[in-house]
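give me coordinates for this.
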Amino acid sequence: MSSRRAVSDAGLVPLVVLVTVGSVLPVFLLGANGPQVMADLKFDAGGLGAVAGSYTIGLAVASLGLGRWLDRSSLPRAVLTATGLGIAGGVTAAATSSLPMLAIGLFASGVSSSTYQMSAGRILQNSVGGGGHGVAFGWFQSAKPVAVAVAGAFGMLATLGVGWRASFAGVTAVTAVLAAVLALWCVDHEPGTQKRSIEGGSRQGIVLLAALMALGFGLTNISTTFLSDTVQVAGPAALGSGALLTVGGLLAAVGRVAAGRLTDVTGWDELALVAPAFIAAGIGSILVGTLAWSAIVTGFLLIFALGWAFGGLLVAQGTRRYPGNSAAVVGVLLVGGAIGGSVSPPIFGAAATTWGYDVAWRGWGVAMLIAGLCAGVLAFRRQHSGQRRLKGGSDS
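Residues are numbered from 1 along each chain as shown. Model prediction:
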């Protein structure tokens, strides 16, 4: 291996993370600047949820149609296609004067982000050794909480006079440059194409992972889209929503990497960690629903630090179980996430508009508690089923 290639390979995971951060930032910029965007374009929390949902609908559209194609096609072409879509979406969002055009911009950004993430799944699966699989995908999925932290910083900049339109434009430009570097890396390190298909018996496991991803995306989209407005409803406090987003995003990134590392070291089934993550998110959501400032801070930190750990775990399990279809599997998971992420914010926003944020957050908290308990039962059954198979094999 040449020194040039060693340096390039060593920088692969950070480069993938940075491009993914930029690709997912638009929807988090929307949440961090929610009050300003709503005031500028004159819509309410229901409209904010609908625009956030358009991003995840874009994720679903791309994930449904492009996963298998990305497992067989040129990665440089895929990355450049995603870049073009990202530029179109970012420019549209930055220049919009209406809610429908903002939704179109976020939709295009969602298609772009999905293409980036499916390509990244294939790149990492082909480039990272098995011993570092969990932590590599933990870093990959840390991009989303890192984007939350960056969005929180942009939210604080807004108080200094940096407009939300300038934020969208700046993120779009930087992401395009980083994506061009990733495309050049792909030219020199094109992974081999995959020819294997997912067998019918394997699809049940993928559907389960996609369902859990749907709940997780609902959690992340709700917690970021409505944080700023929830804090504003609760009243002024020393720690602003932008700072809370920044701290929460950093904690979530650490949580995802730590969870991936834990599975690498212990060999635990990833679902065994998804269950307590969802339960912690449920408790945190119920705390936020009290609308008391100390409970809001505690609740959001629980949601970010523990609840967000699901992402890397689910993607790592999917790509580990189906290595010949890594982009397609990531696509299926993104479809599940897109369904949950696009349906949940509008419903939550409508509930908040009708009954208030206290009812909306408590209801969501109960739903996450139930989801966590169900994931725990599934992990327990899978573990005991595996033990029975091993015992049967040793007795034969």
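
now the residue most central in space within the chain, nearest residue through space, not along the chain?
By CA atoms, centre = their mean, the mean C-alpha position of the chain lies nearest to residue 144, the distance being 4.8 Å. With sequence-adjacent residues excluded and distances taken as CB to CB, 6 or more residues apart in numbering, residue 144 is closest to residue 24, at 5.4 Å. C-beta here means a position set from N, CA and C on the backbone, and glycine is covered the same way.

low pLDDT regions in this structure?
In the predicted model, the chain carries pLDDT under 70 at residues 1-10, 67, 71, 126-134, 189-204, 236-239, 323-327, 383-396.

one step back: so the residue nearest to the centre of the chain touches residue 220, yeah?
Yes - using CB atoms under 8 Å, residue 144 is in contact with residue 220, at 6.6 Å.

quick check: neighbours shared by the two?
Common neighbours of residue 144 and residue 220, counting by CB atoms under 8 Å, 6 or more residues apart in numbering, are 308, 311.

for the stretch 1-150 of the chain, just list every one of the helices.
3-10, 12-32, 34-41, 45-70, 75-95, 99-127, 133-141, 143-158 (DSSP state H, counting those that start in this stretch).

mind putting these in JSON lines, distance to residue 339 included?
Listed next are those as JSON lines, based on distance: least, CB to CB, whole Å:
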{"stretch": "helix 3-10", "distance to residue 339": "35"}
{"stretch": "helix 12-32", "distance to residue 339": "15"}
{"stretch": "helix 34-41", "distance to residue 339": "23"}
{"stretch": "helix 45-70", "distance to residue 339": "6"}
{"stretch": "helix 75-95", "distance to residue 339": "20"}
{"stretch": "helix 99-127", "distance to residue 339": "13"}
{"stretch": "helix 133-141", "distance to residue 339": "18"}
{"stretch": "helix 143-158", "distance to residue 339": "17"}
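
so which of the ones you listed is nearest residue 261?
Of all the helices of the stretch 1-150 of the chain, helix 133-141 sits nearest to residue 261, with 4.7 Å by CB to CB.

show me what the closest one is in contact with.
Contacts of helix 133-141 (CB under 8 Å, 6+ apart): 13, 16-17, 20, 120-121, 124, 128, 256-264, 270, 311-313, 315-316, 319-320.

ok and that helix relative to helix 99-127, angle-wise?
On the basis of axes from the mean of the first three to the mean of the last three CA atoms, to 10 degrees, helix 133-141 is oriented at 160 degrees to helix 99-127.

how far does helix 133-141 sit from the chain's center?
Its chain's C-alpha centre and that of helix 133-141 lie 13 Å apart, by CA atoms, centre = their mean, to the nearest Å.

try stretch 75-94
That offset, for stretch 75-94, works out to 18 Å (CA atoms, centre = their mean).

what of stretch 317-337?
That offset, for stretch 317-337, works out to 14 Å (CA atoms, centre = their mean).

that one: which residues count as buried?
Buried residues in stretch 317-337, defined by neighbour count with 16 or more other CB atoms under 10 Å: 317-320, 322, 325-337.

okay, how far is it across that stretch, tip to tip?
Counting by CA to CA, to the nearest Å, you get 15 Å between the two ends of stretch 317-337.

which residues does residue 166 contact?
residue 94.

what do you get if the cut-off is 10 Å, keeping everything else the same?
94, 154, 157-158 (CB atoms under 10 Å, 6 or more residues apart in numbering).

what's the closest of the residues you listed to residue 381?
So of the contacts of residue 166, ranked by how close each gets to residue 381 (CB to CB), first place is residue 154, at 43.5 Å.
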